[in-house]
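**Student:** Any chance you can model this:
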Amino acid sequence: ARTVAALTGERRPADLLAHLSRNNFFTTRYDLPEPAFQYHPLFHSFLRARAERDFPAAELDQLRRHTAAVLIEGKLFEPALPLYAETGDWDAFEQALSRLAPTLLAEGRVAALEQWLLQLPPDRLEASPWLLTWLGTVRVHKAPKEGRELFERAIGAFRERHDARGAQLAWCNVIDSILHESCDFLRLQGWIAAFAGLPALAAPDPELEARVVSSMLNAMVFAYPHHPDIEQWSARALAVLQAEVEPDVRVLAGVQLLILRLSKGEPACAAVVVQHLREALLTQRVTPLREIMAYTVFALYHWMAGESARATETLINALKRSDSLGLPLWDAHLHAHGAAAALTAGDPAAAEEWLERFALLATEARPFDKSLYYHHAAWLALQRGEVALALEHIAACQRMQERLQFWLIDALLVHAQALAQLAAGNPAAAVPLVARLREHAARVGSPLFALKADLLEAQIAFDEERNEEALRHLAAGEQHRAVREQH
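**Tutor:** Numbering: from 1, shown residues only. As a prediction, this is how the structure comes out:
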């Protein structure tokens, strides 16, 4: 009613609108804290058509601009956009859209944001780094490469304008898009180095700084786990996880920190992260995609801790959640973890069921998901003594790794290759593979892979009847197990 008063000068607009509603004159009343009214769409279209017929074009444009200004003053940005578009006032349209875009993204209304962005003339869209950033954010989930290219163009424009906030935000989006693209993670090393060349913030911005911390750790976990500053960024990520910042940023920091601790084999540190990550989810303001990501790493944590039943329960709940929300992005990944949980529990039949369901999703699966599938299929084949089949799956996993370039998959692959060679009765072929596994463990600082290498060397020594040497490797393995438990 206040908007009507500002537009028309009507002194008692609420009474007039209430009268129209009570008498069913194509007007609906909504009993909100401040009553709101809406014309029937057909009545609305009729009134617009009459206005376009009865008002001169110049007067009609003036009325549109005035109406849009009143809506903007009331922070009603979205209904103002078509009015600005009709008058060709693209400066005002862009300003209103820039204020509206974060809200649309937070509400998950990416299709609406894309629709508004594409109403802009292409040259205006290309000239604005913020508009490129919003469009990249819209496109990245369905076309990661296209989204990344938009973010890269935005970074260049932000740097030219010395816009530190925009440049750093676009950098974070580039990191996310490469991970979402799930191809050639080693590219992230270049972007880690590129951050130092971005403009510095003139004043503290806790929300943006938290986002940068999450993205930097994300990049290091997947591409540079031996970076000399990774523990410094990990400490900052733990602080973000406990801070009063945007819940999605907290969750992303926690997810990456948990993956790092689990991949290195540090269960005590991982348990602390899990506790804080669960607390972050209790805010109830986490977007569904981040929520499902958190469930995914919870399942990983549980099956690596030998809690297969709890991992399976977590995965089933996550799949139900993704189905109810229509967000299948992580479904294949969740099924891969289901197979791992079953294999850890010594239940090959259940693992086969999880892998069969994964196969139904294979066309939508990303290279990372497929690499896990082939690794776990090899794991299942080795449990069943089917060495030739295991080697076929290992070869398929190797092909995925050539596209992926992810150190963790490479380490798991080397471990699986060594196990397959031992199962085939070729301990000599396993020796160089164990050496590669030790290189991974030393470079990353991973007690987990050091332990796996100790156990493999012990098995090789036992097979060759070098029992004293085998016992020494087992003793070294116990030391690495103790180090894991301390971390």
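
**Student:** how about the helices in the stretch 351-487 of the chain?
**Tutor:** In the stretch 351-487 of the chain, helices defined by DSSP state H, counting those that start in this stretch lie at 367-383, 387-404, 407-423, 427-444, 447-463, 467-486, listed in chain order.

**Student:** and for the second one, what are the contacting residues?
**Tutor:** It stands for helix 387-404. Helix 387-404 is contacted by residues 182-185, 367-368, 370-371, 374-375, 377-379, 381-382, 409-410, 413, 416-417, 420, 423-424 when judged by C-beta atoms under 8 Å, 6 or more residues apart in numbering. Yep, even glycine has a C-beta here, placed from its N, CA and C like the rest.

**Student:** Please pick the buried ones from the residues you listed.
**Tutor:** Burial by neighbour count, 16 or more other C-beta atoms under 10 Å: within these this picks out 182-183, 185, 367-368, 370-371, 374-375, 377-379, 381-382, 409-410, 413, 416-417, 420, 423.

**Student:** rewinding a little: can you redo the helices of the stretch 351-487 of the chain as CSV with mean pLDDT?
**Tutor:** Below are the helices of the stretch 351-487 of the chain laid out as CSV (pLDDT from 0 to 100):
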stretch, mean pLDDT
helix 367-383, 96
helix 387-404, 96
helix 407-423, 95
helix 427-444, 94
helix 447-463, 88
helix 467-486, 70
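
**Student:** Save the ones you listed as a markdown table, and put in distance to A210 too.
**Tutor:** Putting these into a markdown table (distance: least, C-beta to C-beta, whole Å) gives the following:
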| stretch | distance to A210 |
| --- | --- |
| helix 367-383 | 25 |
| helix 387-404 | 28 |
| helix 407-423 | 25 |
| helix 427-444 | 25 |
| helix 447-463 | 29 |
| helix 467-486 | 29 |
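
**Student:** Out of those helices, which is closest to A112?
**Tutor:** The closest of those to A112 is helix 367-383. By C-beta to C-beta, the value is 29.3 Å.

**Student:** now that closest one against helix 387-404, angle please.
**Tutor:** Orientation check (axes from the mean of the first three to the mean of the last three C-alpha atoms, to 10 degrees): helix 367-383 against helix 387-404 gives 160 degrees.

**Student:** Can you show me the strands along this protein?
**Tutor:** According to DSSP state E, the chain carries its strands in the segments 27-30, 36-39.

**Student:** ok, of the ones you listed, where does mean pLDDT dip lowest?
**Tutor:** Of all the strands of the chain, strand 36-39 carries the lowest average pLDDT, namely a mean of 70.

**Student:** what about the most far-flung residue of the chain relative to its centre, distance to P102?
**Tutor:** The centre of the chain is farthest from one residue, D54, which by C-alpha atoms, centre = their mean lies 51.8 Å away. D54 sits 39 Å away from P102, going by C-beta to C-beta, to the nearest Å.

**Student:** Give me the distance between A388 and L16.
**Tutor:** A388 sits 82 Å away from L16 when distances are taken as C-beta to C-beta.

**Student:** Between those two, tell me which one has more neighbours.
**Tutor:** L16 (16 against 9; other C-beta atoms under 10 Å).

**Student:** any idea how far the more buried one lies from N23?
**Tutor:** Distance of L16 to N23, computed by C-beta to C-beta: 11 Å.

**Student:** Run a quick neighbour tally on E160.
**Tutor:** Using other C-beta under 10 Å, E160 has 10 neighbouring residues.
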